[in-house]
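*Asks:* Next comes the sequence, and after it the predicted model I'd like to discuss.
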Amino acid sequence: MARDISRHTTRTVFAFVILVGLLSFAVTYNALFSVAFILLCMGVYVLSYHLELGFYVMIALSMMTGWQLNLADYYGIFRDYPALLSINAPVADFWVVFLLVAFSLQYFRQWIAGKRQSIVTPGLLLYAFFLLSALVSLVNIPVVERGEGINYLFRFLVFLYVGYIVLGVNICRDKQTLLNGLKILAGVGVFAAIMGIVSLPLGLWTVGGFTRAVPFGILGWSPFGNVHILIAEVLTTTLPIAVFFYVQSEKKNKTAWAISAALMLITAVLTLSRAAILTIGVEACLLAYLFRKKIKWERFVAQFSWVLGLLAIPMFYAAYFILTNPTVEASQDARSHLTGIAIYLFREHPFIGQGVGSFLARLAEVDLFRLEFGDPLEAHGVVQKILAEQGLFGLVTFSVFVGYIFWRLYQRYQQEQYSIEARMLSLLGFFLVLSPAVFQLFNTQYYSSKMWIPIMLAMAQFTIYKTDKKHGKVFHSDRKPIVAEV
């Protein structure tokens, strides 16, 4: 009988159920919270009919982790719920939760209408082993802290897979949605680059005569935070997308993509971030290796000499800063101490670690670090983080999961039976995984949307291009295949 329910009837039923629930809720609790809850539910309900739009917003927000929402700032709304007042997270994560509810609502609505839908869960078994390592590690957390460890496991590790990967790949089911998402991500990168360039004449970060590109607030809105490394990560992730679209675009769009790529590259270097420069170096070396037999180097140098010339000045500037400024030495000293502490914690429990989410608590017990460097910081690197908290079990399972993604993408790129479009997007996906993976060897954003939304876009290709063989559509029929031209 469910198959006979019309779309109109389904909407009416859902609207009625939501209305009854909200009215009863409004009678029970404070008015401000009730109004906010009603508006939120209405928004989620509407969003369930426009999941692609919600997906695009998720992509745009994924890089803006500096834009935080603290529910304590809305005490009048949440005063009756003390647990909610303690929630402080990036707006991107709140949006992912709303989108996840909207997706579930849409799925349930389709199920009532008798329409079967499959849920894609790429790499689930491998990621489940990583989650198992986190679960096992909880035995080494003191009983009084174990609740925080469980909360960390669900808040970050489970949320990472369900909220970023599964949700994203199940909404992004066609080529156009994927391409639109990539362009939106590149647009955020251009925005970040412009912000970084604007910060230079403003002198927002100047130490010892050096000025670096940093993000900043606009009328109280700080989408990228105020630390140089946060904008550097955005630029290194979005740079490969701009290069990709430059190569694939028609002549009338090439100039815009070339300027975008150059702007991202130069701004990334001007952040004076060692992690950014190293990440770009790894990307460039790997790309040159993959295309070593296909690139006409004389033509390449002649065509892009202007970029190399523009890049030479900021590269010398960054190198001089890194070699001479005491700020770098202090930063390196702090990171060395953090790495040493992580290794010490790993040696205490080498197989299953100190417990997921426990690094900050253990670091707070090191009085010497606090005296020397101030408040505790996260482990500066995903390897140190996992080794300390989940031991070898965690590091191996995490490496296998990420390695599986690399292997799938590289394998499709190498298989000539796939269309040029499928192969080139797989290559781009490879760099979308590579860039945040390399960057997070030296940073603390390893469980954030900044790392995993780009990886989700790469993994979405597993399904979208599964059957895209050589008869599939190529981007522009008037262009020669990229594999023979670059």
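*Replies:* Now that the structure is in, tell me what you want to look at.
*Asks:* Domain map for the chain?
*Replies:* Domains of the chain are assigned by automatic domain parsing as 2-112, 124-485.
*Asks:* Go through the ones you listed and find the least confident stretch.
*Replies:* Comparing mean pLDDT across these, the weakest is domain 2-112, with a mean of 81.
*Asks:* I figured Ala89 was touching Thr65, is that so?
*Replies:* No: counting by Cβ atoms under 8 Å, Ala89 stays clear of Thr65, with 9.3 Å between them. In short, each C-beta sits where N, CA and C put it, glycine included.
*Asks:* Who has more neighbours out of those two?
*Replies:* Thr65 (23 against 16; other Cβ atoms under 10 Å).
*Asks:* Can you name every helix or strand that the longest helix along the chain contacts?
*Replies:* When the chain is parsed with DSSP state H, its longest helix is helix 382-414. Secondary-structure packing of helix 382-414 (3 or more Cβ pairs under 8 Å, 6 or more residues apart in numbering; DSSP states H and E): helix 124-137, helix 326-348, helix 359-364, helix 420-439, helix 449-459, helix 461-464.
*Asks:* For it, list every residue counted as buried.
*Replies:* Buried positions in helix 382-414, judged by neighbour count with 16 or more other Cβ atoms under 10 Å: 382-395, 397-398, 401-402, 404-405, 408-410, 412-413.
*Asks:* got the angle between it and helix 420-439?
*Replies:* 170 degrees (axes from the mean of the first three to the mean of the last three Cα atoms, to 10 degrees).
*Asks:* Now do helix 382-414 against helix 124-137, angle only.
*Replies:* Put simply, helix 382-414 runs at 170 degrees to helix 124-137, going by the same axes, to 10 degrees.
*Asks:* Off-centre distance for helix 382-414?
*Replies:* Taking Cα atoms, centre = their mean, to the nearest Å, one finds helix 382-414 lying 16 Å from the centre of the chain it belongs to.
*Asks:* what does stretch 308-319 give?
*Replies:* In terms of Cα atoms, centre = their mean, the centre of stretch 308-319 is set 28 Å apart from its chain centre.
*Asks:* looking at the helices and strands packed on helix 382-414, which is closest to Leu219?
*Replies:* Of all these, it is helix 449-459 that lies closest to Leu219, at 23.2 Å by Cβ to Cβ.
*Asks:* Report the angle between that closest one and helix 382-414.
*Replies:* Using the same axes, to 10 degrees: helix 449-459 against helix 382-414 is 20 degrees.
*Asks:* So what touches helix 449-459?
*Replies:* Residues from elsewhere that reach helix 449-459 (Cβ atoms under 8 Å, 6 or more residues apart in numbering): 58-59, 61-63, 65, 90, 92-93, 96, 122-123, 160, 164-165, 168-169, 172, 178, 181-182, 185, 233-234, 237, 405, 409, 428-430, 432-433, 435-437, 439-440, 445.
*Asks:* same deal with stretch 68-87?
*Replies:* Outside stretch 68-87, the residues that touch it by Cβ under 8 Å, 6+ apart are Tyr29, Asn30, Leu32, Phe33, Ala36, Asn88, Ala89, Pro90, Val91, Phe94.
*Asks:* what's the answer for stretch 264-282, then?
*Replies:* The set of residues external to stretch 264-282 that reach it, using Cβ under 8 Å, 6+ apart, is 189-190, 192-193, 196-197, 200, 210, 212-214, 228-229, 231-233, 235-236, 238-239, 242, 307, 310-311, 314-315, 317-318, 321-322, 328, 434-435, 438-439, 441-443.
*Asks:* Same question for stretch 305-318.
*Replies:* With Cβ under 8 Å, 6+ apart as the test, stretch 305-318 has contacts from Ala262, Leu265, Ile266, Val269, Leu270, Leu272, Ile277, Val301.
*Asks:* Quick check: the farthest pair among those?
*Replies:* Leu272 and Val301 (26.3 Å).
*Asks:* In the protein, mark out all the strands, start to finish.
*Replies:* 68-70, 88-90, 206-207, 210-211 (DSSP state E).
*Asks:* Can you add distance to Gly114 and give those strands back as TSV?
*Replies:* Shown next, in TSV, are the strands of the chain (distance: least, Cβ to Cβ, whole Å):
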stretch	distance to Gly114
strand 68-70	38
strand 88-90	37
strand 206-207	64
strand 210-211	63
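*Asks:* Tell me which of the ones you listed sits nearest to Lys466.
*Replies:* Proximity to Lys466 (Cβ to Cβ) singles out strand 88-90 among these, at 32.2 Å.
*Asks:* now for the closest one, which elements pack on it?
*Replies:* Here strand 88-90 touches strand 68-70, going by 3+ Cβ pairs under 8 Å, 6+ apart.
*Asks:* Relative to the strand it packs on, what are the paired strands and their orientations?
*Replies:* Within its sheet, strand 68-70 is paired with strand 88-90 (antiparallel), according to DSSP bridges.
*Asks:* Save the domains of the chain as TSV, and put in distance to Ser118 too.
*Replies:* Listed next are these as TSV, based on distance: least, Cβ to Cβ, whole Å:
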stretch	distance to Ser118
domain 2-112	10
domain 124-485	9
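*Asks:* Please identify the deepest-packed of these.
*Replies:* Comparing the domains of the chain by mean neighbour count (mean count of other Cβ atoms under 10 Å), domain 124-485 ranks first with a mean of 18.
*Asks:* Might you calculate how far it sits from the centre of the chain?
*Replies:* With Cα atoms, centre = their mean, you get 7 Å for domain 124-485.
*Asks:* Start the count at 24 instead of 1 going forward.
*Replies:* From this message on, residue numbering opens at 24, which makes the last subject domain 147-508.
*Asks:* How much space separates Val230 from Thr347?
*Replies:* 12 Å (Cβ to Cβ, to the nearest Å).
*Asks:* repeat for Gly146
*Replies:* 44 Å.
*Asks:* Any chance of the backbone angles for the closest residue to Gly219 other than its chain neighbours?
*Replies:* Nearest residue to Gly219, sequence neighbours excluded (Cβ to Cβ, 6 or more residues apart in numbering): Ala236, at 3.4 Å. Ala236 has phi and psi values of phi -70, psi 130 when expressed as degrees, to the nearest 10.
*Asks:* ok now do Ala236, which residues does it touch?
*Replies:* Gly219, Ile220, Ser222, Leu223, His251, Ile254, Thr290, Leu293, Thr294, Leu295.
*Asks:* nearest to Met65, of those residues?
*Replies:* Distance to Met65, by Cβ to Cβ, is smallest for Ile254 among those, at 35.2 Å.
*Asks:* so that closest one touches Phe239, yeah?
*Replies:* No: using Cβ under 8 Å, Ile254 is not in contact with Phe239; the gap is 9.5 Å.
*Asks:* Now do the helices in the stretch 24-173 of the chain.
*Replies:* Remark: helices assigned in the stretch 24-173 of the chain by DSSP state H, counting those that start in this stretch are 30-51, 54-70, 74-85, 98-101, 105-108, 114-135, 147-160, 169-175.
*Asks:* next one: the stretch 174-323 of the chain
*Replies:* Listed in chain order, the helices of the stretch 174-323 of the chain (DSSP H, counting those that start in this stretch) span 182, 190-194, 198-225, 251-271, 274-293, 297-313, 320-326.
*Asks:* is it possible to export those helices to JSON lines including distance to Glu371?
*Replies:* Rendered in JSON lines, the data for the helices of the stretch 174-323 of the chain read as follows (distance: least, Cβ to Cβ, whole Å):
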{"stretch": "helix 182", "distance to Glu371": "28"}
{"stretch": "helix 190-194", "distance to Glu371": "37"}
{"stretch": "helix 198-225", "distance to Glu371": "40"}
{"stretch": "helix 251-271", "distance to Glu371": "29"}
{"stretch": "helix 274-293", "distance to Glu371": "38"}
{"stretch": "helix 297-313", "distance to Glu371": "28"}
{"stretch": "helix 320-326", "distance to Glu371": "51"}
